[in-house]
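Visitor: Have a look; sequence and predicted model below, questions after that.
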Amino acid sequence: MAAQPDSRLERSKQPVNDLDAVRELFGAMLVRGGLVDPLAIERANRVISKLGGDRTLLSVLTSTEGLSREAVVDCIRLHRPDLPLGAILVELGMINGGQLRQALQLQATAKNEQKIGAILVSRKMLRERDLTLVLAAQLGFICEEPDIGDCDRTLIKAVSHKAIERFCFLPIRRVGEEVVVAFTDPMDQNARTEAARTMGSGIRPVMCSVATLNQAIGALNRQRERGEKSKQDSEELKRAPDLVDRILIQSISAGASDIHIEPLQERVRVRARIDGILRELHEFPSDELPALVSRLKIMSEADIAERRRHQDGRIEFEHPETGGITDLRASFYVTVLGECVVLRVLNQASRIIELDNIGLGPSVLERFKNGALESPSGVVIVTGPTGSGKTSTLYSCVNHLSDDTTSIISAEDPVEYRIDGISQCSVAPKVGRTFEESLRHVVRQDPDVIVLGEIRDAATAESAIQAALTGHKVLTTFHTEDSIGGLLRLMNMKIESFLISSTVVCVIAQRLLRRVCPDCSHPVTAEVADLQAIGWQMSDAQGAEFSEGDGCKSCHFTGYSGRIAVFEALVLSEAVREAILERKTSAQIRRISLESSGLVTLLEDGLSKAARGDTTLREIRRTLPRLATPRSLSEIRRLSGMR
């Protein structure tokens, strides 16, 4: 049986809600430990009083005094301040005040008396190892998280597996006449007595997390069972199809855009990217990885015997109960611990979003339609990093242009959305059907609109430019940070500036931000420091209605549910074209774009959507590039037509 956490480790104090009292006790400990002097504490408190919000003493001292978390943890271990666990976690920056309040609320409403640390870990607000580090310091112990490979084999052999599982300890190494032993509960006298008896010497207790001990137990059990490896492999091959189906069904049902299957030292971790954030769904022994990878290779028609080279493939997964089909793009990447598999979920949403509903402001949408999509020829580029929703926007544009009088043809890798009335081609380099080869034949098909899945290199870029020069409208995607970056990257690909100036009609950059959960959303007042970090003053945010989510079951206690797109649509004006011809810098082209083309930047579009409660300032700071100081909210709304 795997080790279980011991609730005795957490102190049952009442939470200290007075932030001033917490800071006073914490500051006194730091002074007593010789880390700072009283004047530094006074200066930090003055900074906190000016900035406001839930600022912690340590966050200020880190920037002003160069104080490190490790030094503070050692100080806690030596002086053991009379503070509850939650207050220490907040001061150390391991959780924020909002998360502590959520956990306390859950603790108050829970039927069982679950400890605050266990709640934070179970809700993914806190890593178990961080919790163990602080608990060890509170109890006056050093925290160590040993890998089974780091432990002295002689000491491990001296202890029975049953004793390790029952008493929850792991011998690490011998130091002089003592043995360093990791306990999940170093206060358990029975465990310490058993360890000393087994080792036949004195012990030096340290503390480790339950997860670390469980990993060690799992590794020891697998080592013990290797004598039956052939039988075990046969059983794993039988289990692999069910395991793959379970992973895919759970991930797709949760709305995952990517599924990561990653080999670690003693286990395999399965994570799904949901709303742009990776969440752990499963873990299983590393011995099961080969069978799982083999099953996925069979499904994706990859070479099952090849384990030395990276491979790609594609899976059409049929739900065993509903019969629904989901397309997945598989990537097999060889690492030192085994093959890492990432599955991109392609057409998880069968419907294409109407162009009017993708999230462009009314004025920006009108400029985009009239200046780019309605243009008889030219290149329209949708740019952004992987997973930013470029393909969805591209197909919204294609769907807008598609009618009985227009011939549309595509070359993609792969075809992610299938639309009736459009000639779609999925490139296949293995048989010579490359982007370049397909484009040579595309222009002979008498198309009005050419959809090129992605500009990957100079040859593809030149093909798109040449197609536009012959009077075709070309829609494609690109990987750059913003709209100006798309133009500069074309220049860096040795495309002549006069060709870019005469063919590119629009570059639209985008990102996906997490949307505030509607079930737990509540109005908040923006802090001055948060606004200043993005280049705003309080006056710039006049009229804003910011919101945040407290966290609830429907959003997995994250405060976010779903995603919202933000855009930067640069419809090239004559002034911008001249700047390209003159090969001006990115800063100069951006300034000219802001002045002459009505450009609303990614940051500004994100701020306008945060100001109406769709997303948060924290999400904007995490995701959006800050390449120029944003204009005021009233000016952004005037330019975008968004309210």
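Guide: Arrived safely, thanks for sending.

Visitor: which is the next helix or strand following the worst-scoring helix or strand of the chain on mean pLDDT?
Guide: When each helix and strand of the chain is scored by mean pLDDT, DSSP states H and E, helix 229-253 comes last, with a mean of 72. Going down the chain from helix 229-253, the next helix or strand is strand 258-263, by DSSP states H and E.

Visitor: Against which helices or strands is that next one packed?
Guide: Counting contacts by 3 or more C-beta pairs under 8 Å, 6 or more residues apart in numbering; DSSP states H and E, strand 258-263 packs against helix 229-253, strand 267-274, helix 289-300, strand 338-345. (Each C-beta comes from the backbone N, C-alpha and C, glycine too.)

Visitor: so which of those gets nearest residue 42?
Guide: With C-beta to C-beta as the measure, strand 267-274 is the member of the helices and strands packed on strand 258-263 nearest residue 42 (45.0 Å).

Visitor: Identify each buried residue in stretch 622-629, please.
Guide: Residues of stretch 622-629 classed as buried: 623, 624, 627, 628 (neighbour count, 16 or more other C-beta atoms under 10 Å).

Visitor: oh sorry, the question was meant for stretch 467-487
Guide: Under the neighbour-count criterion of 16+ other C-beta under 10 Å, stretch 467-487 has 467-468, 472-487 buried.

Visitor: what about it, start to end distance?
Guide: Start-to-end span of stretch 467-487 (C-alpha to C-alpha, to the nearest Å) is 17 Å.

Visitor: repeat for stretch 43-61
Guide: End-to-end span of stretch 43-61 (C-alpha to C-alpha): 9 Å.

Visitor: So what touches it?
Guide: The contact list for stretch 43-61, computed with C-beta atoms under 8 Å, 6 or more residues apart in numbering, reads 19, 23, 26-27, 30, 36, 40-41, 64-65, 67, 69, 72, 90-93, 96-98, 527-529.

Visitor: Any of these buried? List them.
Guide: Listed as buried from the contacts of stretch 43-61 are 19, 23, 26-27, 30, 36, 40-41, 65, 67, 72, 90-92, 98, 527; burial here means 16+ other C-beta under 10 Å.

Visitor: got any ranges where the protein has weak pLDDT?
Guide: For the chain, residues meeting the criterion pLDDT under 70 lie at 1-19, 52-54, 110-113, 225-238, 321-323, 347-351, 429-430.

Visitor: and the closest residue to residue 249 other than its chain neighbours, how many residues sit next to it?
Guide: Of all residues not flanking residue 249 in the chain, residue 319 sits nearest, at 6.6 Å (C-beta to C-beta, 6 or more residues apart in numbering). Counted with other C-beta atoms under 10 Å, residues neighbouring residue 319 total 14.

Visitor: What does residue 319 show for phi and psi?
Guide: Note on residue 319: backbone dihedrals following degrees, to the nearest 10 are phi -60, psi 120.

Visitor: Surely it and residue 251 touch.
Guide: No - Residue 319 lies out of contact with residue 251 (C-beta atoms under 8 Å); the separation is 12.0 Å.

Visitor: Pretty sure residue 63 sits in a strand.
Guide: No - using DSSP: H, G, I helix; E, B strand; the rest coil, the secondary structure at residue 63 is helix, not a strand.

Visitor: What strand or helix carries residue 587?
Guide: helix 586-596.

Visitor: Inside strands: which ones of the buried residues of stretch 622-629?
Guide: Applying DSSP state E to the buried residues of stretch 622-629, no entry is found in strands.

Visitor: which one of those residues is nearest residue 612?
Guide: Comparing those against residue 612 with C-beta to C-beta places residue 624 closest, at 16.3 Å.

Visitor: quick one, what contacts the closest one?
Guide: Contacts for residue 624 (C-beta under 8 Å, 6+ apart) come out as 511, 513, 566, 602, 603, 606.

Visitor: redo that, cut-off 10 Å
Guide: Residue 624 makes contacts with 482, 511, 513, 534, 566, 568, 601-607, 630, as judged by C-beta atoms under 10 Å, 6 or more residues apart in numbering.

Visitor: same check, this time on residue 509
Guide: Residues in contact with residue 509, defined by C-beta under 10 Å, 6+ apart, are 381-385, 388, 390, 478, 480-486, 566-570, 601-602, 605, 625.

Visitor: Could you do residue 635 as well?
Guide: Counting by C-beta under 10 Å, 6+ apart, residue 635 touches 540, 600, 604.

Visitor: Please apply the same query to residue 182.
Guide: Residue 182 sits next to 141-146, 151, 168-172, 195, 205-209, 212-213, 216 when contact means C-beta under 10 Å, 6+ apart.

Visitor: which residues does it bridge with?
Guide: Counting by DSSP bridges, residue 182 is bridged to residue 170, residue 206.
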